[in-house]
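> when you get a sec, could you give me coordinates for this:
(one chain, ligands or ions: 1)
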Amino acid sequence: MFAQQDPNLIQLNSAGQLKHFLTTEGLSRELLTEILDTADSFVDMSAQQVKKVPLLRGKTVVNLFFEASTRTASTFELAAKRLSADVLNLNIKTSSTSKGETLKDTLMTMEAMHSDMFVVRHSDSGAAHYIASQVTPHVAVINAGDGRHAHPTQAMLDMLTIRQHKGDFEPLKVAIVGDILHSRVARSQIHALRTLGAAEIRVIAPTTLLPRHIESLGVKVYTDMNQGLKDVDVVMMLRLQKERMQSALLPSESEFYRLYGLTEEKLKLTHPDSIVMHPGPINRGVEIETSVADGPKSLILKQVTNGIAVRMAVMSMSMSGQMTEHQAQQGGV
Ligand code: CP
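The predicted model follows:
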């Protein structure tokens, strides 16, 4: 666990533009909306024959994934390539990390290769923030998920998916269901939904999977899924993070599924036009019934597709904000 300071002291430049993207917490509605609008323009571009723009031409993006990933790592790589960057995916398992090289030494080594952006996933909360505090001034850092703390690009691709299907956030009742305790996704979603003005944010989980004082984030807490799902417009399921559970927090997976799994039967309690989301990877028959995961309300694969556009947006905005800051510090503009 790395110590953290006010994220906006480090993730925004002096003009209030993004220069790193570490968390959705504390970002303004204008900035979150700018990310969504920029991502929308890249969604449109993805439908064209040539899916590339030169916004990061000449820049080198290094993907540093110290934890496993399918969706995030792949869509960051595609996003960087569609922005015309040179991309290096450092394989942590076969890197000198396995010989004991420290995170700081790995960073300095990658910086020596004239990297311009680090995309970082790490099991320790605060790792991306720490890296952003250590890199040389022209390097941008994007958090691809740190411990239980934040997964800001996941939250923003979720917001883009909701906006595409529901338009306005203000009338929405949104339920986030499952392992809230270990979920960096839930925290980032809650901050984004609050800032974007969602009418009601509910969290639904057994007491053992709820963080203490979660109400302080402005959510309504339900331990009964049947009550919590009533009339909601959006259901956001979460993965059970067994790898982060240090003790037995559940009687069994089958009991969890009975009480908190999203089944067709429970889905009937939601608003007739409700949508179903899950950041993935999904555990079928543990968090969600297969027919719901693959059903007409499910936007799970749309979320994956939107990950490319959102990541293109935050990479291009951060690089631009970082370059503006660097030039200003050097007396250029
Ligand atoms: N949603 C998400 O972060 O998935 P991956 O772990 O596959 O990147």
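> can you tell me how far residue 153 is from residue 297?
Residue 153 is 24 Å from residue 297, where distance means CB to CB, to the nearest Å. Bear in mind the C-beta positions are built from the backbone N, C-alpha and C, glycine included.
> hmm, I typed the wrong one, I wanted residue 277.
9 Å.
> neighbour-wise, which of these two wins?
Neighbour totals were compared for residue 277 and residue 297, and residue 277 leads with 24 against 17 (other CB atoms under 10 Å).
> just checking, the more buried one touches residue 233?
No. Using CB atoms under 8 Å, residue 277 is not in contact with residue 233; the gap is 11.3 Å.
> which residues touch residue 194?
201, 217-218 (CB atoms under 8 Å, 6 or more residues apart in numbering).
> in what helix or strand does it lie?
Using DSSP states H and E, residue 194 falls within helix 184-195.
> that helix near the ligand anywhere?
No. Helix 184-195 stays clear of the ligand (CB under 6 Å from any ligand atom), getting no nearer than 6.8 Å.
> just list the residues touching the residue of the stretch 151-300 of the chain found nearest the ligand, thanks.
Nearest to the ligand, among the residues of the stretch 151-300 of the chain, is residue 279, at 3.7 Å (CB to the nearest ligand atom). Shown in contact with residue 279 (CB under 8 Å, 6+ apart): 71, 151, 154, 158, 185, 236, 238-239, 303.
> run the last query once more with 7 Å
By CB atoms under 7 Å, 6 or more residues apart in numbering, the residues touching residue 279 are 154, 185, 303.
> again with residue 125
With contact set as CB under 7 Å, 6+ apart, residue 125 has these partners: 1, 146-149.
> so the residue of the stretch 151-300 of the chain closest to the ligand sits in a strand?
No. Residue 279 sits outside any strand when classified using DSSP: H, G, I helix; E, B strand; the rest coil, being coil.
> what does the helix or strand in which residue 77 is found contact?
Using DSSP H and E, residue 77 sits in helix 71-82. Residues from elsewhere that reach helix 71-82 (CB under 7 Å, 6+ apart): 51-53, 56, 61, 63, 65, 87, 89, 119, 121, 144-145, 280, 304, 307-308, 311-312, 315.
> quick check: mean pLDDT of that helix?
Mean per-residue pLDDT for helix 71-82: 98.
> next, the angle helix 71-82 makes with the longest helix seen in the chain.
As assigned by DSSP state H, the longest helix anywhere in the chain is helix 300-329. Angle between the axes of helix 300-329 and helix 71-82 is 60 degrees (criterion: axes from the mean of the first three to the mean of the last three CA atoms, to 10 degrees).
> now the residue sitting nearest the centre point of the chain: how far from residue 304?
The structure's the chain has its C-alpha centroid closest to residue 154; by CA atoms, centre = their mean the separation is 2.3 Å. Using CB to CB, residue 154 is found at 11 Å from residue 304.
> now do residue 283
Taken as CB to CB, the span from residue 283 to residue 304 is 17 Å.
> thought residue 62 was touching residue 115?
Yes. If you go by CB atoms under 7 Å, residue 62 and residue 115 touch, sitting 4.7 Å apart.
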